[in-house]
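Trainee: structure for the following, please:
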Amino acid sequence: MKKFLARLLIFLLLLYVIGFFLSGDWSVSRSRVVKADRALIHSYVADLHTWPEWTAWTAARDPECKWSYDGELAGKGASYSWDGPKLGQGRLELTEASLAGGIEYALDFGSGGDPDHGTITYADVDGGVEVTWKMWGREDGSVGHWMSMVVDRFVGPDFEKGLDGLAKECDRGVPGRIESGVDDVLEKLGGE
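Mentor: Numbers count the residues shown, from 1 in each chain. Below you'll find the model as predicted:
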């Protein structure tokens with residue numbers, strides 16, 4: 001039994017040391033063709049108030065989560081924060097937003113480290129607009145370097161769900177977007 005424990009300890013120590021030689025950089029990217037006008041797509045992407053409706057990180061996933069919004073209503077300078085038992089805490093801020101280029105954002109999970117960064121971009125293709133969601137960052141330390149190797153496996157499916165949700169929202173068309181916008185305004189007026 002002592003030999004086994006000694007070998008296990010050496011193996012774990014070896015894994016720990018190897019981790020320092022791995023890259024801590026990671027990136028995740030997913031794309032989907034959305035059959036909608038670029039302006040309609042951008043109206044959802046640049047309005048963070050809609051993200052809990054179409055991304056994978058919804059109220060259904062964490063019913064106790066609280067979202068708060070700061071800065072601009074939409075576009076560059078808009079931000080939102082969340083705090084929930086399942087989704088944890090974090091803050092996302094749009095650092096760039098344009099109909100031509102899509103959005104860029106900084107994402108902070110409150111860890112005190114550098115924020116992660118991401119983009120959602122658009123490219124016109126036959127039959128719609130290819131929407132590409134990309135995020136990248138860096139994890140420090142041996143364990144962080146090992147974790148950076150599996151970020152795509154964990155975050156990629158959420159990006160896919162988000163892009164599917166965006167496509168479903170866009171399928172409702174402009175009347176659906178206007179209706180949801182009116183509902184949001186009425187809800188805010190009723191809550192004051």
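Trainee: every contact and neighbour count from this point should use C-alpha atoms.
Mentor: Will do.
Trainee: give me the buried positions along the strand or helix carrying Glu93.
Mentor: Assessed by DSSP states H and E, Glu93 sits inside strand 88-98. Buried positions in strand 88-98, judged by neighbour count with 16 or more other Cα atoms under 10 Å: Gln89, Gly90, Arg91, Leu92, Glu93, Leu94, Thr95, Glu96, Ala97.
Trainee: centroid residue for this protein?
Mentor: Phe159 (6.9 Å; Cα atoms, centre = their mean).
Trainee: that residue and Ser29, how far apart?
Mentor: 8 Å (Cα to Cα, to the nearest Å).
Trainee: which neighbours do those two share?
Mentor: Common contacts of Phe159 and Ser29 (Cα atoms under 8 Å, 6 or more residues apart in numbering): Trp133.
Trainee: so where's the longest helix in the protein?
Mentor: Determined from DSSP state H, the single longest helix within the chain is helix 151-171.
Trainee: which parts of that helix are buried?
Mentor: Across helix 151-171, burial judged by 16+ other Cα under 10 Å covers 152, 155-156, 158-160, 162-167, 169-170.
Trainee: stretch 32-45 now?
Mentor: Arg32, Val33, Val34, Lys35, Ala36, Arg38, Leu40, Ile41, His42, Ser43, Tyr44, Val45.
Trainee: show the contacting residues for the last one.
Mentor: Put plainly, it is Val45. By Cα under 8 Å, 6+ apart, the neighbours of Val45 are Trp51, Gly102, Ile103, Ile120.
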